[in-house]
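Q: Starting from these lines, generate the structure:
(chains A and B)
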Amino acid sequence: MLTVYNTLGRTRQSFEPLEDGRVRMYVCGPTVQSAPHIGHGRCAVAFDVIRRYLMWRGWDVLFVQNITDVDDKIINRAAELGVTTEALVAEMTEQFLTSYRGLGVLDPDRTPAATRHIPEMIELIARLVSRGLAYPSRGDVYFRVRALEGYGKLSGRDVDELRIGARVEPGIDKEDPLDFALWKGAKPGEPSWPSPWGDGRPGWHIECSAMSAKYLGLPFDIHAGGADLIFPHHENEIAQSEGATDGLFARYWLHNGMVNLGGEKLSKSTGHIVDLAEAIETYGGPVIRLFLLRASYRSPIEYSEDSLHDARASLDRLRSFVRRAPSAGRPDVATIDRFVTSMEDDFNTAEALAAVFETVRQGNARLDRGEDAGPLITAVREVAGVLGIDLESAGLGGLVDALTGLATRYEVEAGSAEDMVRRLVDARAAARESRDWSRADAIRDDLAGAGIVIEDSADGVRWYRR
RNA sequence: GGCGACGUGGCCGAGUGGUUAGGCACAGCUCUGCAAAAGCUGCUACACCGGUUCGAUUCCGGUCGUCGCCUCCA
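A: Numbering: from 1, shown residues only, chains lettered A, B, ... in the order given. The predicted structure follows:
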């Protein structure tokens, strides 16, 4: 039985999709104002794993992740950079998609952008106005928070407590400081669209209400996002969607923990960030992915070089294992069972990985004894696949020049990168045969310098790109 | 101030009312021309103080500390 921690209710609950065999899932995507950081990567990976697991379990998953492409920050940043908002949005969206793919994240089934759903949002706002839950005010439209019973149920907030809170700034056009904008009247030079309340643009929260309903229908099963979105963003989404329909908005709310750096949360606004593309460049997507999956998706994690190095060593261990022998037979049942048990427990990837490593140890021991480990390798590959961890070593791209140099140095025939590695490995074998250790070691060291690692084993020489 | 999460061995990080997490690092051994990989062995913890219990790291209360949200944020 799959159980998930539902922020709505703050308990672990058994998960049953509304429609049998089909899961409808919405993840709050990024505001594309600047380049993605590792925190975005964590969110993407966390829910990608959940999606993959649900699919592997045999469910149809409809996965939607939005792109917020209109917002104060985007407007301001575009102005700063002297580019149009459209150009900034296009550039940043591309960076997000590229980085996500670099982490092995599957593309969503749909990636709706806010600016392409203005009519849906206007319609939703109009419904809220007609129901008395929203009111126009000098070109803006606000949600009347106190008019909705149950506001605060997701975040555990009490409207009266909120009011006391010192930081709720009274908006000059609001009836109540708690009210939030559904529509913002246009200011000169800003992107805007016509509406019944005058030209303007949507508030931040309304897009998710409109687009999730459009692509998933209401209620849908899983609404996910970063824990920092619980309040006010998700609370307000609930207010809008449930206020407009009287029905339930989303059934299970899943939130990923924050990534910290130096003990503090990453944040775009303070510039306290780890650039995602840079991290992928430095460590590789699979290493970062493994780093993220070693902890529960709900816990905060600390980003550090040490942790990334650990993750790299762990990944190497997995890769060395599957390199030792081909998969064969059905996946080992014990491994799969343990994996399933772990994942059914609120997607406990840390424990799932522990199962994988146990299997790796067993498999290595079997191979050391000359026994078959095919099903263990099959199982490790299967589980790694569900977790989205790429166990294949990198190819030889970009190494032709370096290898050609080595081919010349050791007097073997040049050719394709693959061929040259093979010939160099053979040349080293020949040198070992004639007990010319210095030449053998030189070849091995030079290959290592180029990123090709050679390992001697009982059943021959293995090589791979580090 | 309000709401919430958390404090585990050298580091990261799961979990449990009594029994091995796992990874990384370190030491020794086996294997090996050397190395790497691998296996075996060792190092073995639950912030502090009370309480409940036959027994608590695991439940309850308190203390201290860290972090998040309450404003844009994955």
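Q: Give the residue spans of chain A that score low on pLDDT.
A: Within chain A, the stretches with pLDDT under 70 are A:163-172.
Q: How many neighbouring residues does the residue in the stretch 101-250 of chain A that RNA strand B sits nearest to have?
A: Residue nearest to RNA strand B within the stretch 101-250 of chain A (CB to the nearest atom of the strand): residue A:226, separated by 2.1 Å. Quick note: C-beta positions are derived from backbone N, CA and C, even for glycine. Using other CB atoms under 10 Å, residue A:226 has 22 neighbouring residues.
Q: what do you get for residue A:410?
A: By the criterion of other CB under 10 Å, residue A:410 has 18 neighbours.
Q: How much space separates it from residue A:181?
A: 69 Å (CB to CB, to the nearest Å).
Q: Give the next helix or strand downstream of the helix or strand where residue A:341 lies.
A: Element membership for residue A:341, per DSSP states H and E: helix A:333-344. Downstream of helix A:333-344, the first helix or strand assigned by DSSP H and E is helix A:349-368.
Q: next helix or strand past that following helix?
A: Using DSSP H and E, the helix or strand that follows helix A:349-368 in sequence is helix A:374-387.
Q: Run through the neighbouring helices and strands of that next one.
A: Contacts defined by 3 or more CB pairs under 8 Å, 6 or more residues apart in numbering; DSSP states H and E place helix A:374-387 against helix A:38-56, helix A:305-324, helix A:333-344, helix A:349-368.
Q: what about residue A:98, how many neighbours?
A: Other residues near residue A:98 come to 13 when the count uses other CB under 10 Å.
Q: dump the residue contacts of it.
A: Neighbouring residues of residue A:98 by CB atoms under 8 Å, 6 or more residues apart in numbering: residue A:277.
Q: Same question for residue A:378.
A: Shown in contact with residue A:378 (CB under 8 Å, 6+ apart): A:327-332.
Q: tilt between the helix holding residue A:341 and helix A:349-368?
A: Here the directions of helix A:333-344 and helix A:349-368 differ by 170 degrees (axes from the mean of the first three to the mean of the last three CA atoms, to 10 degrees).
Q: got the contact list for helix A:333-344?
A: Counting by CB under 8 Å, 6+ apart, A:1-3, A:53, A:348-349, A:351-352, A:354-356, A:358-359, A:376, A:379-380, A:382-383, A:386 sit against helix A:333-344.
Q: Pull out the buried members of the residues you listed.
A: Listed as buried from the contacts of helix A:333-344 are A:2, A:53, A:348-349, A:351-352, A:355-356, A:359, A:376, A:379-380, A:382-383, A:386; burial here means 16 or more other CB atoms under 10 Å.
Q: filter those residues by proximity to RNA strand B?
A: With CB under 7 Å from any atom of the strand as the criterion, those include A:348, A:351 near RNA strand B.
Q: The buried ones among the contacts of helix A:333-344: which two are farthest apart?
A: Spatial extent of the buried ones among the contacts of helix A:333-344 (CB to CB) is set by the pair A:2 and A:376 at 25.4 Å.
Q: Show me where the stretch 151-300 of chain A has its helices.
A: Ranges of helices in the stretch 151-300 of chain A, per DSSP state H, counting those that start in this stretch, are A:159-164, A:206-216, A:235-245, A:276-283, A:285-293.
Q: Out of these, flag the one nearest residue A:97.
A: When these are compared by CB to CB, helix A:276-283 sits nearest residue A:97, at 11.4 Å.
Q: quick one: buried residues of the closest one?
A: A:276-277, A:279-280, A:283.
Q: With stretch A:241-257 instead?
A: A:241-245, A:249-257.
Q: With stretch A:209-219 instead?
A: By 16+ other CB under 10 Å, the buried positions in stretch A:209-219 come out as A:209-213, A:215-216, A:218-219.
Q: Any part of that stretch near RNA strand B?
A: No: judged by CB under 7 Å from any atom of the strand, stretch A:209-219 stays clear of RNA strand B, getting no closer than 13.5 Å.
Q: one step back: would you list the buried entries among the contacts of residue A:378?
A: For those, buried by 16+ other CB under 10 Å: A:327, A:331-332.
Q: Just name the closest of these to RNA strand B, please.
A: Using CB to the nearest atom of the strand, residue A:332 is the member of those that sits closest to RNA strand B, with 14.9 Å.
Q: Now residue A:220: closest residue in space that isn't a chain neighbour?
A: Computed as CB to CB, 6 or more residues apart in numbering, the closest residue to residue A:220 that is not its neighbour in sequence is residue A:24, at 4.0 Å.
Q: Need the phi and psi values for the one you found.
A: Note on residue A:24: its backbone torsions stand at phi -110, psi 130 [degrees, to the nearest 10].
Q: picking up where we left off before, nearest to residue A:400, out of the helices of the stretch 151-300 of chain A?
A: Closest approach to residue A:400 among the helices of the stretch 151-300 of chain A is made by helix A:276-283 (20.8 Å; CB to CB).
Q: What residues does the stretch 1-150 of chain A have near RNA strand B?
A: Proximity of the stretch 1-150 of chain A to RNA strand B (CB under 7 Å from any atom of the strand) is limited to residues A:10, A:28-31, A:37, A:39-40, A:42-43, A:68, A:71, A:73.
Q: run the last query once more with 10 Å
A: Within the stretch 1-150 of chain A, the positions adjacent to RNA strand B are A:5, A:7, A:10-12, A:27-34, A:36-44, A:46-47, A:65, A:68, A:71-74, A:96 by CB under 10 Å from any atom of the strand.
Q: Buried by neighbour count, from those: which ones?
A: Neighbour-count burial (16+ other CB under 10 Å) is assigned, among these, to A:5, A:7, A:27-34, A:36-44, A:46-47, A:65, A:68, A:71, A:74, A:96.
Q: With adjacent residues omitted, what lies nearest to residue A:399?
A: Excluding the flanking residues, the one nearest residue A:399 by CB to CB, 6+ apart is residue A:417, at 5.2 Å.
Q: burial count for that neighbour?
A: Neighbour tally, residue A:417, other CB under 10 Å: 20.
Q: List the residues that contact it.
A: Here residue A:417 is in contact with A:396-397, A:399-400, A:403 (CB under 8 Å, 6+ apart).
Q: let's go with 10 Å and repeat that
A: Neighbouring residues of residue A:417 by CB atoms under 10 Å, 6 or more residues apart in numbering: A:395-404, A:450, A:452, A:465.
Q: is it possible to export those to JSON lines including secondary structure and distance to RNA strand B?
A: JSON lines is the format used below for those (DSSP: H, G, I helix; E, B strand; the rest coil; distance: CB to the nearest atom of the strand, whole Å):
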{"residue": "A:395", "secondary structure": "coil", "distance to RNA strand B": "20"}
{"residue": "A:396", "secondary structure": "coil", "distance to RNA strand B": "19"}
{"residue": "A:397", "secondary structure": "coil", "distance to RNA strand B": "22"}
{"residue": "A:398", "secondary structure": "coil", "distance to RNA strand B": "22"}
{"residue": "A:399", "secondary structure": "coil", "distance to RNA strand B": "19"}
{"residue": "A:400", "secondary structure": "helix", "distance to RNA strand B": "24"}
{"residue": "A:401", "secondary structure": "helix", "distance to RNA strand B": "25"}
{"residue": "A:402", "secondary structure": "helix", "distance to RNA strand B": "20"}
{"residue": "A:403", "secondary structure": "helix", "distance to RNA strand B": "19"}
{"residue": "A:404", "secondary structure": "helix", "distance to RNA strand B": "24"}
{"residue": "A:450", "secondary structure": "coil", "distance to RNA strand B": "15"}
{"residue": "A:452", "secondary structure": "strand", "distance to RNA strand B": "12"}
{"residue": "A:465", "secondary structure": "strand", "distance to RNA strand B": "13"}
